[in-house]
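Participant: pasting the sequence and the predicted model now:
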Amino acid sequence: MKAGVLYAKGDIRYEEVEDPNITENDVLVKVKASGICGSDIPRVLGDAAHFYPIILGHEFSGEVVEVGKNVENVKVGDRVVGAPLLPCFECSHCQKGWYSQCKNYSFIGSRRQGSFAEYIAIPARNAVKFDESISFEQAVFFEPSTVALHGLRCADFKGGEDVLILGAGTIGIFTLQWARIMGANFICVVDIKAERLELAKEFGADVVINATDQEFIEKVNELTKGKGFGYVFETAGSVDTIRLSFEFVSNKGYVCLIGTPTKEVMFSPQLFEKINRKEFHLTGSWMSYSAPFPGIEWELTAKYFLDKRLKFSDKLIYKTFHLKDIKEAFELFKTPENVKGKVIILN
């Protein structure tokens, strides 16, 4: 089969590799679409890959073309997405259903061969079926949607509260949608890109505010008359937005850090003291899994994409590339400020 193989920093090649083999508990998926995740970028353009050569890619959809003899949950011809985490299912964390905290995990597209290829073999329990009314391109967004929903679950989200979302990228848009579905009273989205904020409006934000506005802090505070937001979701991984989440959360509120920072985060004593004074709840959110594996995050994404309560727009997609042009696709991210949505590799 053909695949995009990473050999070194910046050295990704479209070439022929051996076809994957399946075990009695696996399925073979013909990959139709695979998204480029933010975590793939430093692996290709930097030195973040775990080993070389490797086939990256973990946000993927496709069609089952072969099943192992023990497989019962899917059949040949089913449309599936792949949940990329491969927990051990034996450690104490896995026994509690904390699969994201597994210390012995593997991961499709980073610790084992991924979906930037024509075919991929995955355990049957990692295959999540979706309806034929959902396009393969839309199904690429299963994984980002589950990450967003997991964040709300980590923050013990309850309806009726005002919500602030810092960052209107893919994860931010799905965080917005899940907060709306789960009964948020009022949702404000903050970003630095006007086109992202326009998209947030389309997906149901009550107010959007551009953080490049000199008075944006005052505008955000005015929305709650200075009381702060019951829930603040940081989805950008920016040092500035992480700090701002401490400022904007209400007393006894919840801050959930979904974004992953790439720089050192430092707090002044006065800002850090807000944790004490406000007595707000601070939590991180890592990946998107719960028991029974892969979790309700994946089950509800399939259900709500199908009944269209979870909305999708082609505007979430910036560009598509054929697998043979995968190197060109990653070249876009040398100027990431110009990338205005998900980049998808198609077969």
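Facilitator: Everything's here; your move.

Participant: isn't T241 up against A168?
Facilitator: No - with contact defined as CB atoms under 8 Å, T241 does not reach A168; the gap is 11.0 Å. (Glycine included, C-beta is placed from N, CA and C.)

Participant: tell me which of the two has more neighbours.
Facilitator: The neighbour comparison of T241 against A168 (other CB atoms under 10 Å) goes to A168, with 27 against 23.

Participant: how close does that one sit to V189?
Facilitator: Taking CB to CB, to the nearest Å as the criterion, A168 is separated from V189 by 5 Å.

Participant: where does G230 sit: helix, strand or coil?
Facilitator: strand (DSSP: H, G, I helix; E, B strand; the rest coil).

Participant: before we move on, the earlier item: what touches both of A168 and V189?
Facilitator: L176, L197, A200, V208 (CB atoms under 8 Å, 6 or more residues apart in numbering).

Participant: so the third one sits against V190, correct?
Facilitator: No - shown here, A200 and V190 do not form a contact pair, counting by CB under 8 Å, at 9.2 Å.

Participant: residues touching the residue positioned nearest the centre of the chain, list them.
Facilitator: By CA atoms, centre = their mean, the chain has its centre lying nearest to P144, at 2.8 Å. Neighbouring residues of P144 by CB under 8 Å, 6+ apart: G35, E59, T170, I171, F174, K342.

Participant: what's the burial count for the fourth one?
Facilitator: Counted with other CB under 10 Å, the neighbours of I171 add up to 23.

Participant: next one, pLDDT for it please.
Facilitator: Looking at I171, its pLDDT is 95.

Participant: list the contacts for it?
Facilitator: Shown in contact with I171 (CB under 8 Å, 6+ apart): P144, V147, A148, G151, T235, I258, G259.

Participant: what residues are shared contacts of T241 and A168?
Facilitator: V190.

Participant: show me where pLDDT drops low in the stretch 1-150 of the chain?
Facilitator: Of all residues in the stretch 1-150 of the chain, none has pLDDT under 70.

Participant: now do the strands in it.
Facilitator: Using DSSP state E, counting those that start in this stretch, the strands of the stretch 1-150 of the chain run over 2-8, 11-16, 26-35, 59-67, 79-82, 85-86, 106-107, 119-123, 127-129.

Participant: chain center to the last one: distance?
Facilitator: Centroid displacement of strand 127-129 relative to its chain, using CA atoms, centre = their mean, to the nearest Å, is 17 Å.

Participant: and it, what does it pack onto?
Facilitator: Applying 3 or more CB pairs under 8 Å, 6 or more residues apart in numbering; DSSP states H and E, one finds that strand 127-129 makes contact with strand 79-82, helix 296-306.

Participant: tabulate these (a markdown table), appending mean neighbour count and distance to S313.
Facilitator: What follows is those, written out as a markdown table (neighbours: other CB atoms under 10 Å; distance: least, CB to CB, whole Å):
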| stretch | mean neighbour count | distance to S313 |
| --- | --- | --- |
| strand 79-82 | 26 | 19 |
| helix 296-306 | 19 | 12 |
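
Participant: closest to S100 out of those?
Facilitator: When those are ranked by distance to S100, counting by CB to CB, first place goes to helix 296-306 at 10.6 Å.

Participant: against H58, how distant is D131?
Facilitator: D131 sits 22 Å away from H58, going by CB to CB.

Participant: swap in F51?
Facilitator: In terms of CB to CB, F51 sits 16 Å off from H58.

Participant: then R243?
Facilitator: 30 Å.

Participant: these two - which one has more neighbours?
Facilitator: The residue with more neighbours, out of R243 and H58, is H58; 22 against 17, by other CB under 10 Å.

Participant: what residues are up against that one?
Facilitator: Contact partners of H58, counting by CB under 8 Å, 6+ apart, are C37, G82, P84, F107, I108, G109, S110, G114, S115, E143.

Participant: can you list the domains in this structure?
Facilitator: With domains defined by automatic domain parsing, the chain comprises 2-141+312-346, 148-284.

Participant: for L306, find the nearest of the ones you listed.
Facilitator: Going by CB to CB, the one of those nearest L306 is domain 2-141+312-346, 5.0 Å.

Participant: may I have the distance across that closest one, first residue to last?
Facilitator: Using CA to CA, to the nearest Å, the end-to-end distance of domain 2-141+312-346 comes to 12 Å.

Participant: run the chain-centre distance for that domain.
Facilitator: Worked out by CA atoms, centre = their mean, domain 2-141+312-346 lies 13 Å from the chain centre.

Participant: in a strand, V163, correct?
Facilitator: Yes - according to three-state DSSP, V163 belongs to a strand.

Participant: show me where the stretch 51-200 of the chain has helices.
Facilitator: Taking DSSP state H, counting those that start in this stretch, the helices of the stretch 51-200 of the chain run over residues 92-95, 136-139, 142-154, 170-181, 194-202.

Participant: I'd like to know which of these is closest to E222.
Facilitator: helix 194-202 (17.3 Å).

Participant: coming back round to it: redo the shared contacts of A168 and V189 as JSON lines? Include neighbour count and distance to K30.
Facilitator: Shown next, in JSON lines, are the shared contacts of A168 and V189 (neighbours: other CB atoms under 10 Å; distance: CB to CB, whole Å):
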{"residue": "L176", "neighbour count": "28", "distance to K30": "33"}
{"residue": "L197", "neighbour count": "20", "distance to K30": "37"}
{"residue": "A200", "neighbour count": "25", "distance to K30": "34"}
{"residue": "V208", "neighbour count": "20", "distance to K30": "39"}
